[in-house]
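Enquirer: The following block contains a protein sequence and its predicted model.
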2 protein chains.
Amino acid sequence: MNISSAAMAAGLSVKTVRYYADIGLVKAPARSTAGYRTYDDVTVRKLVFIRRSRAFGFTIEECRELLGLYQDQTRTSAEVKRIASKRLEEIEEKQRELQSLRDELAHLVTSCRGDHRPDCPIIDYLG
Amino acid sequence: MNISSAAMAAGLSVKTVRYYADIGLVKAPARSTAGYRTYDDVTVRKLVFIRRSRAFGFTIEECRELLGLYQDQTRTSAEVKRIASKRLEEIEEKQRELQSLRDELAHLVTSCRGDHRPDCPIIDYLG
DNA sequence: ATAGGGTCTCCAGTAGATGGAAGGTCAAGG
DNA sequence: CCTTGACCTTCCATCTACTGGAGACCCTAT
């Protein structure tokens, strides 16, 4: 399978697939005589795994760790849960941040008349 | 005022204050005979303005725009409101994203026993 | 033979800083 | 006067996770 088929199958861009091999996230694929990368299904499945992990916001390093666990028959679900819980915590922290940000900004936006005059509570707040 | 006092007063790091002048977000400060940057209160107030804007997640370019409006006596509050509303929309979009992410991840984490055994719904989902 | 795709490597750039090296400056204390 | 330590300078590199593009090579079809 050439890189574009692999990328398509994994739902990633060709650039990204190459990048993941460059940084050693998946192992370097075999090459055709012309030097083209040839991907197998196993690697494509790993690429899909990475895409889904990234969608949850796991960093590349976390993906590396998760991928290691994915392939490790002796893993414990506790290890996986620890990583996922950490990410969940981060998401929830971010949500709290965004919530207070939103409330504050929404308040300012609401109180701004948005007309042709220069006086503006948003600018006042920032300045 | 030397750069560290200005940074302190603005609530930013020295590096960041220098950076904001480098990219032309605030005008390049005057220099002492030794070449030290000397900041005045007006610039410090702008730095504070930028810090607060950044805290809302406005990009540097948006900060540039907001700062322009801040200094423009002929601004209209409509312009300010437009920029702020756009940011508010983005925040709310991000909130929706995070919410569905959180729900999904929370579900997986909850259903994972987190024990010494390898079987794990989180890994299953990703793979 | 040629046209069009696909692929290769390598380099640069994105946002918004931050870290560090090498060297100049300043004020206080001995 | 000299040293010490804190501050300042410039410049370059690094971070995250890719993405874009140039120039060259390869493959298939007509």
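Expert: Alright, I've got the coordinates.
Enquirer: Let me know whether A:Leu98 touches B:Gln95 as I believe.
Expert: Yes: counting by C-beta atoms under 8 Å, A:Leu98 touches B:Gln95, with 5.3 Å between them. Backbone N, C-alpha and C define where each C-beta goes, glycine included.
Enquirer: out of the two, which sits in the more crowded spot?
Expert: A:Leu98 (18 against 15; other C-beta atoms under 10 Å in any protein chain shown).
Enquirer: which ones are touching the more buried one?
Expert: Going by C-beta atoms under 8 Å, 6 or more residues apart in numbering or on different chains, A:Leu98 touches B:Ile91, B:Lys94, B:Gln95, B:Leu98.
Enquirer: Pull the most distant pair out of the residues you listed.
Expert: B:Ile91 and B:Leu98 (10.3 Å; C-beta to C-beta).
Enquirer: Distance of the residue most central in space within chain A relative to A:Val26?
Expert: Nearest to the mean C-alpha position of chain A, by C-alpha atoms, centre = their mean, lies A:Arg54 at 3.0 Å. Relative to A:Val26, A:Arg54 is positioned 13 Å away (C-beta to C-beta, to the nearest Å).
Enquirer: Tell me the predicted confidence for A:Gln71.
Expert: Here, the pLDDT recorded for A:Gln71 equals 96.
Enquirer: do the one 4 residues further on as well
Expert: Reported pLDDT at A:Arg75 in the predicted model: 97.
Enquirer: Backbone dihedrals for it, both of them.
Expert: phi -60, psi 160 (degrees, to the nearest 10).
Enquirer: so who does it touch?
Expert: A:Leu69, B:Pro118, B:Cys120, B:Ile123.
Enquirer: And the helices in chain A?
Expert: Along chain A, the stretches classed as helices by DSSP state H are A:3-10, A:14-22, A:41-55, A:60-71, A:77-111, A:121-126.
Enquirer: Tabulate the CA atom coordinates of stretch A:107-118 in CSV.
Expert: What follows is stretch A:107-118, C-alpha atoms only, in CSV (Å, rounded to 0.1, in the frame of the first residue of the first chain):
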residue,chain,number,x,y,z
HIS,A,107,-21.1,39.9,30.1
LEU,A,108,-18.9,42.5,28.5
VAL,A,109,-20.4,41.9,25.0
THR,A,110,-23.9,42.1,26.4
SER,A,111,-23.2,45.4,28.1
CYS,A,112,-21.6,46.9,25.0
ARG,A,113,-24.1,48.8,22.9
GLY,A,114,-22.2,48.2,19.7
ASP,A,115,-23.2,51.5,18.1
HIS,A,116,-21.3,54.3,16.4
ARG,A,117,-20.1,55.9,19.7
PRO,A,118,-16.6,55.2,21.1
